[in-house]
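> pasting a predicted model and its sequence here:
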Amino acid sequence: MRAAIHFEEDASEPLLVLDAISHRFGKVLALDNVSLKLQTGEILCIIGPNGSGKTTLFNIITGQLKPQKGCVRFAGKSISGLSPDRIAHLRIGRKFQTPSIFKDLSALDNLLVAHTAAKSIPKKDRPLQFLKAVRLHGMEDIPAGFLSHGQKQWLELGMLISQSPRLILLDEPTAGMTQAETLETVALIRALCEQTRCACLIVEHDMRFVKAINCRVLVLSAGEIIACGEYDDIRHSPSVKTAYLGTHA
Ligand SMILES: Nc1ncnc2c1ncn2[C@@H]1O[C@H](COP(=O)(O)OP(=O)(O)OP(=O)(O)O)[C@@H](O)[C@H]1O
């Protein structure tokens, strides 16, 4: 992600608006008339069985795919069809499931690389503050390859957030983590979003995470939104149970 570019915005609109997005791969309708709104600082979890369209949705927001129908608006402007690079310039960041960090560089140098990529010169001690925020205080000199799996994920979160994003997309941020690390990740993401007012879309299969982060949850099935609401509401929804467990649920 690069430094922010000037972007006049319409403060009356939610930060992110997906308006009736549909996308097809041959015979497969990967997204079918999907609409959603996300406010500044809001966290939203997206869940759904395999093949339900979660990755396609992320790819459309970040410009890897151009929606065949519908429109994506960010801060009041259409971003449908912009290149991934231009969308990243608008301070939309993405973290994939496998951490992409530089294993031979120290944790601190990884953060400095993120700043360089964002063309921003960090203020003194700022990278150390980010390391502290992602639970890596005192580990600044450790080569990133020696960190635990959970710590690598946190380091990448720190690299992402240190670039001052307005929206981040996280793909299974707790995959492979212990329960303790998962719960710590919940606290960490909540704190980062509250402190920076960054909005966050999270694709996650781990229901312990989804329950603990306590945000709005959107459920996709076969490309359609079948439920959206609080965790307790969606977990009792008959259509959600059917989507996950089949018609005998
Ligand atoms: N490039 C592609 N070419 C053809 N079909 C695709 C392509 N990308 C996705 N699909 C199909 O679109 C549907 C949605 O896929 P998508 O990867 O978005 O689902 P997902 O919810 O992210 O799945 P998972 O949880 O397994 O990652 C699936 O049926 C998938 O096979």
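Nice, thanks for sending it over.

> what residues does the protein have near the ligand?
Selection of the chain residues close to the ligand by C-beta under 6 Å from any ligand atom yields Phe25, Val28, Ala30, Gly48, Asn50, Gly51, Ser52, Gly53, Lys54, Thr55, Thr56. For the C-beta atoms, the positions are set from N, CA and C on the backbone; glycine is no exception.

> next SSE after the helix or strand hosting the last one?
Assigned by DSSP states H and E, Thr56 falls within helix 54-61. Taking DSSP H and E as the definition, the helix or strand that follows helix 54-61 towards the C-terminus is strand 69-74.

> re earlier: what residues of the helix holding Thr56 count as buried?
Neighbour counts over helix 54-61 (16 or more other C-beta atoms under 10 Å) mark Lys54, Thr56, Leu57, Phe58, Asn59, Ile60, Ile61 as buried.

> helices and strands around it, which ones?
If you count contacts as 3 or more C-beta pairs under 8 Å, 6 or more residues apart in numbering; DSSP states H and E, helix 54-61 packs onto strand 16-25, strand 28-38, strand 43-47, strand 167-171, strand 199-203.

> so Ala227 belongs to a helix, correct?
No. Secondary structure of Ala227 (DSSP: H, G, I helix; E, B strand; the rest coil): strand, not part of a helix.

> still on that earlier bit, kindly reformat the helices and strands packed on helix 54-61 as TSV containing mean neighbour count, distance to His137 and mean pLDDT.
Shown next, in TSV, are the helices and strands packed on helix 54-61 (neighbours: other C-beta atoms under 10 Å; distance: least, C-beta to C-beta, whole Å; pLDDT from 0 to 100):
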stretch	mean neighbour count	distance to His137	mean pLDDT
strand 16-25	18	32	98
strand 28-38	18	31	97
strand 43-47	23	24	97
strand 167-171	23	22	97
strand 199-203	23	22	98
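
> how about these, which one is nearest Gly93?
strand 167-171 (4.7 Å; C-beta to C-beta).

> what comes up buried for the longest helix along the chain?
For the chain, the longest helix by residue count, based on DSSP state H, is helix 179-196. Neighbour-count burial for helix 179-196, counted by 16+ other C-beta under 10 Å, picks out Glu181, Thr182, Leu183, Glu184, Thr185, Val186, Leu188, Ile189, Arg190, Leu192, Cys193, Thr196.

> find the pair from the residues of the chain next to the ligand with maximum spatial separation.
Maximum distance among those (C-beta to C-beta): 16.4 Å, for Phe25 and Gly48.

> returning to that earlier point: using JSON lines, lay out the buried residues of helix 54-61 together with pLDDT.
Converted to JSON lines, these look like this (pLDDT from 0 to 100):
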{"residue": "Lys54", "pLDDT": "97"}
{"residue": "Thr56", "pLDDT": "98"}
{"residue": "Leu57", "pLDDT": "98"}
{"residue": "Phe58", "pLDDT": "98"}
{"residue": "Asn59", "pLDDT": "97"}
{"residue": "Ile60", "pLDDT": "98"}
{"residue": "Ile61", "pLDDT": "98"}
